[in-house]
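A.B. asks: With the input below, show me the fold.
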Amino acid sequence: MSSVGAVLTLACDDDVFALPVERVQEILDLRPITRMPNAPAQLLGMIDVRGMGVAVADLRALLGMVPTADTEMSRIVVFWVRSGGRQTVVGFRADRVIEVAALDNDDMEPLPEAGLFNWRDRMIAGIGRRNGKLVTVLDVDRMFDGLTPELSAA
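C.D. replies: This next block holds a predicted model:
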């Protein structure tokens, strides 16, 4: 088990995900997203965040989930990742943001059983619990690895 510290919890459908709060720059209400020509499905486009262009991905698409319509609870989470030896600011659209909190016992478990299914998901750092319920902790540095250059270099 490893300690993860404070996390931002968010949801797609009833699935709860978390990312380290120190990576979060801000949480935005939905705003117009400028579409990019020939962009991959997971890249929604670009937004302006205080004069800086930020690529916005669809978290549902990144996680292989069925698309859904935005609601008044949908948010854009802007955060930073380490990619190619540099720090990059990106965002993703999530169904809703829940809270900033600590995982129960501040612990996160690895996914040792994933090998049984021949499954190596680069997006998952581990599994934690919040109020006794499972929370998937996202590996934000590896979320965009192996994606198209338009998204990983944006």
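A.B. asks: all strands for this structure, in order.
C.D. replies: Per DSSP state E, the chain carries strands over the ranges 2-3, 6-12, 15-20, 24-29, 43-49, 52-58, 75-83, 86-94, 96-102, 107-109, 124-130, 133-138.
A.B. asks: by contact count, what packs against the third one?
C.D. replies: Packing contacts for strand 15-20, counted by 3 or more Cβ pairs under 8 Å, 6 or more residues apart in numbering; DSSP states H and E, involve strand 6-12, strand 124-130, strand 133-138. Bear in mind the C-beta positions are built from the backbone N, C-alpha and C, glycine included.
A.B. asks: tell me which residues of it are tucked away?
C.D. replies: Residues 16, 17, 18, 19, 20 are the ones in strand 15-20 that count as buried (16 or more other Cβ atoms under 10 Å).
A.B. asks: Can you lay out the helices and strands packed on strand 15-20 as a markdown table showing mean pLDDT, mean neighbour count and distance to residue 59?
C.D. replies: Listed next are the helices and strands packed on strand 15-20 as a markdown table, based on pLDDT from 0 to 100; neighbours: other Cβ atoms under 10 Å; distance: least, Cβ to Cβ, whole Å:
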| stretch | mean pLDDT | mean neighbour count | distance to residue 59 |
| --- | --- | --- | --- |
| strand 6-12 | 94 | 20 | 6 |
| strand 124-130 | 88 | 19 | 13 |
| strand 133-138 | 91 | 18 | 9 |
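A.B. asks: Quick check: which of those strands is nearest to residue 91?
C.D. replies: strand 6-12 (12.2 Å; Cβ to Cβ).
A.B. asks: ok, for residue 49, nearest residue in space, not its chain neighbours?
C.D. replies: residue 78 (5.9 Å; Cβ to Cβ, 6 or more residues apart in numbering).
A.B. asks: Sweet, I'm off.
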